[in-house]
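Participant: Compute the structure for the input listed below.
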Amino acid sequence: MKHVYPFAALVGQDDMKQALLIAAVDPLIGGVLVFGDRGTGKSTAVRSLAALLPSMQAVKSCPYQCDPGQPVGACPHCKGLKRRQSMTVAVPVVDLPLGATEDRVLGALDLQKALREGVKAFEPGLLARAHRGFLYVDEVNLLEDHLVDLLLDVAASGENLIEREGLSLRHPARFVLVGSGNPEEGELRPQLLDRFGLSVDVRTPKDLETRLEVLRRRDAFDQDAAAFCSNYEPQQQALRAMILKARGMLASVLLPESVMRFIAQLCMKLGTDGLRGELGLMRAARALSAMRDCAETRVQEVIDVAPSVLSHRLRRDPLEESAGASVIARALRDMA
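Facilitator: This next block holds a predicted model:
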């Protein structure tokens, strides 16, 4: 059995961990973008999240992991079933390689069935496998334009439409998009950047003790992964329980008028385009409130998530050297 580095054992990078947990609590948040230096734990954190997530119920034998409790919007496979049997499965976390072909991403004609049985059958792609889970793109800023266009279409509709090779079908494809990359290697297309609900920057730790602790834990994991994971299992279980509880109370968390006013005023002060900033702040602050077991969202939750929700939505001024987080912090100080 291959062991995955525990999410609870990650050292530092609190903004990244908080953003990933918020996306796990509320998948409608719009995905997470993690940009920063190489070797700062970006990929490790995403793969650790996969091992942390609580299991889910899916229709047995369904290639799209459809929810047995949600008959509306069922896939082509589930629409033909008279009786749905359910099973417990792990939440999918699917890697989208940079060199992936459209057939692999979208799905294509199953050639083996076509040649062997003479029937046209659909072979699901990566988007089908990622339904109800996470789609992870490492070096997302290097993704080819035609794949970016595909992701934008599916992210907007929540469905994958296939019209090719004599096939015509659609299936649900709702997933949390997680991208990571190094900004030195290229910019992300604005259309795709806008689709991410949260964006965080990660940097190499500057203090000695943090760096030493990373080395100690990684060495312990490499020496005996089973024992290391066992030591962190109580903390992993506590995180899973927190995610489940936060999901359950999310819809009931109140958002006072005063907090909504604060959100709108902050976005106006920062000059963010459109209303995605406000909507993202509302969702992220509510999810964070649920994670903190608060029945009502406070201004503090808005302040805590504002940098990750708004930093990538600020207009870029070539004469402005301040980073997005600094601009947001200054605006919050002015409003205090």
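Participant: ranges for the strands of the stretch 1-150 of the chain?
Facilitator: 32-36, 56-59, 86-89, 93-95, 107-109, 122-124, 134-138 (DSSP state E, counting those that start in this stretch).
Participant: quick one: low-confidence ranges for this protein?
Facilitator: Low-confidence segments of the chain, defined by pLDDT under 70: 1, 71-74, 80-82, 109-121, 164-167, 315-323.
Participant: Could you rerun that using 90?
Facilitator: 1-4, 11-14, 27-31, 35-47, 49-134, 137-177, 179-196, 201-207, 270-277, 311-336 (pLDDT under 90).
Participant: Okay, helices next: where are they in it?
Facilitator: For the chain, the helices defined by DSSP state H cover 14-25, 42-52, 76-79, 102-106, 111-117, 126-130, 145-157, 190-193, 208-223, 225-249, 257-270, 276-291, 299-310, 324-335.
Participant: Next, format the ones you listed as TSV and append mean neighbour count and distance to Met87.
Facilitator: Glycine gets a C-beta too; all of them are placed from N, C-alpha and C. As requested, these are exported to TSV (neighbours: other Cβ atoms under 10 Å; distance: least, Cβ to Cβ, whole Å):
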stretch	mean neighbour count	distance to Met87
helix 14-25	22	21
helix 42-52	20	19
helix 76-79	15	13
helix 102-106	17	26
helix 111-117	11	24
helix 126-130	23	16
helix 145-157	16	25
helix 190-193	15	34
helix 208-223	13	31
helix 225-249	15	19
helix 257-270	16	41
helix 276-291	24	28
helix 299-310	23	35
helix 324-335	16	43
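Participant: Would you mind putting these into CSV with distance to Gln85 alongside?
Facilitator: CSV is the format used below for the helices of the chain (distance: least, Cβ to Cβ, whole Å):
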stretch, distance to Gln85
helix 14-25, 27
helix 42-52, 25
helix 76-79, 11
helix 102-106, 28
helix 111-117, 24
helix 126-130, 20
helix 145-157, 28
helix 190-193, 38
helix 208-223, 38
helix 225-249, 23
helix 257-270, 43
helix 276-291, 31
helix 299-310, 40
helix 324-335, 48
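Participant: Those: which one's closest to Val91?
Facilitator: Ranking those by their distance to Val91 (criterion: Cβ to Cβ) puts helix 42-52 first, at 7.2 Å.
Participant: In terms of secondary structure, what does that closest one contact?
Facilitator: Counting contacts by 3 or more Cβ pairs under 8 Å, 6 or more residues apart in numbering; DSSP states H and E, helix 42-52 packs against helix 14-25, strand 32-36, strand 93-95, strand 134-138, strand 176-181, helix 225-249.
Participant: what separates the first one from the chain centre, distance-wise?
Facilitator: The chain centroid and the centroid of helix 14-25 are separated by 9 Å under Cα atoms, centre = their mean, to the nearest Å.
Participant: ok so, going back, to Lys79, which of the strands of the stretch 1-150 of the chain lies closest?
Facilitator: strand 56-59 (10.9 Å).
Participant: Just give the number of residues close to Ile162.
Facilitator: Per other Cβ atoms under 10 Å, the neighbour tally for Ile162 reads 19.
Participant: Give me the distance between it and Asp153.
Facilitator: Ile162 is 12 Å from Asp153, where distance means Cβ to Cβ, to the nearest Å.
Participant: ditto for Arg283
Facilitator: Arg283 is 22 Å from Asp153, by Cβ to Cβ.
Participant: same question, Gln300
Facilitator: Separation of Gln300 from Asp153 (Cβ to Cβ) stands at 37 Å.
Participant: ditto for Met87
Facilitator: Distance from Met87 to Asp153, by Cβ to Cβ: 30 Å.
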